[in-house]
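A.B. asks: Pasting a predicted model and its sequence here:
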Amino acid sequence: MPPDRQEWFLNQVFCHRPMLQKYLRTYLNSDEDIEDVIQDTYLRIYGIQDYTTVESPKALLVTIAHNLAVELGRRRVSRATDAVADFDALGVSSGNPQLEEQFDARRRFEAFCSAVDSLPPICRRVFVLRKVYKLSQAEISAVLGIAESTIEKHVAKGLVRCRDHLRDHDLTGGTNSTDASGNVHRLKDEGDAR
């Protein structure tokens, strides 16, 4: 006779709570967000009709929690950009150089995000964990299960590819020129020393 739902949940899912909290800490900053994601994950798993067919409850737990954490992050970014769009719609303009700098910084940030999105999946995960979340190579190795030397190579590859992506799309902040052999050269800005 299969275990009842509550027994299965406690023995196969809930027992992994400490591991799940630690895992989510790499994606979420606040304890409140972590708890919200854990509770939503538990609700989804507990609601599975045929829970006895789940081959790896731990893997299911991590997958659902990961997807919910990513979705929470996307919603936060969307709300933030919607708020900026609402502010822009007010037509508040002052010709203030600070606003132009903010706009330029936003454009560069969006270009950087596009460059990171263009990386191969494992390279992108390593790059984001190292450069955005500031995890150590040992921490990334523990999370992704890859060697620290491989992490170092992915980070270097990510830096080069992001730089090239920004250069190819003329988003480095300067003016670029392409020579006859197809090589891109950065021209000096007007403010640069000649």
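C.D. replies: In hand now; what should we look at?
A.B. asks: C-alpha from now on. contacts and neighbour counts both.
C.D. replies: OK.
A.B. asks: Quick one: end-to-end length of stretch 116-125, please.
C.D. replies: By Cα to Cα, to the nearest Å, the extent of stretch 116-125 from end to end equals 9 Å.
A.B. asks: Give me the distance from it to the chain's centre.
C.D. replies: Here the centre of stretch 116-125 is set off from its chain's centre by 10 Å, with Cα atoms, centre = their mean, to the nearest Å.
A.B. asks: Give me the mean pLDDT for it.
C.D. replies: The average pLDDT within stretch 116-125 is 88.
A.B. asks: For that stretch, which residues meet the burial criterion?
C.D. replies: Counting neighbours by 16 or more other Cα atoms under 10 Å, one finds that the buried residues in stretch 116-125 are 116, 119, 123-125.
A.B. asks: How about stretch 6-20?
C.D. replies: 8-9, 13-14, 20.
A.B. asks: try stretch 23-37
C.D. replies: 23-24, 26-28, 33-34, 37.
A.B. asks: Nearest to Gln137 among those?
C.D. replies: Nearest to Gln137 out of those is Thr26 (Cα to Cα; 13.1 Å).
A.B. asks: Can you tell me which residue sits nearest the middle of this protein?
C.D. replies: Val128 (6.0 Å; Cα atoms, centre = their mean).
A.B. asks: Compute the number of surrounding residues for the closest residue to Leu20 other than its chain neighbours.
C.D. replies: Nearest residue to Leu20, sequence neighbours excluded (Cα to Cα, 6 or more residues apart in numbering): Val62, at 6.8 Å. By other Cα atoms under 10 Å, 19 other residues sit near Val62.
A.B. asks: Mind telling me what element Val62 is part of?
C.D. replies: Counting by DSSP states H and E, the element that carries Val62 is helix 57-89.
A.B. asks: by contact count, what packs against the helix or strand just after that helix?
C.D. replies: As assigned by DSSP H and E, the chain's next helix or strand after helix 57-89 is helix 97-117. Other elements packing on helix 97-117 under the criterion 3 or more Cα pairs under 8 Å, 6 or more residues apart in numbering; DSSP states H and E are helix 148-168.
A.B. asks: what packs against the helix it packs on?
C.D. replies: Against helix 148-168 (3+ Cα pairs under 8 Å, 6+ apart) you get helix 97-117, helix 121-127, helix 137-144.
A.B. asks: can you tell me the helix or strand for Ile45?
C.D. replies: Counting by DSSP H and E, Ile45 is part of helix 31-46.
A.B. asks: Heading C-terminal from the host helix or strand of Glu7, find the next helix or strand.
C.D. replies: Per DSSP H and E: Glu7 is located in helix 5-12. Following helix 5-12 in sequence order, the next helix or strand is helix 17-25 (DSSP H and E).
A.B. asks: This completes my enquiry, with thanks.
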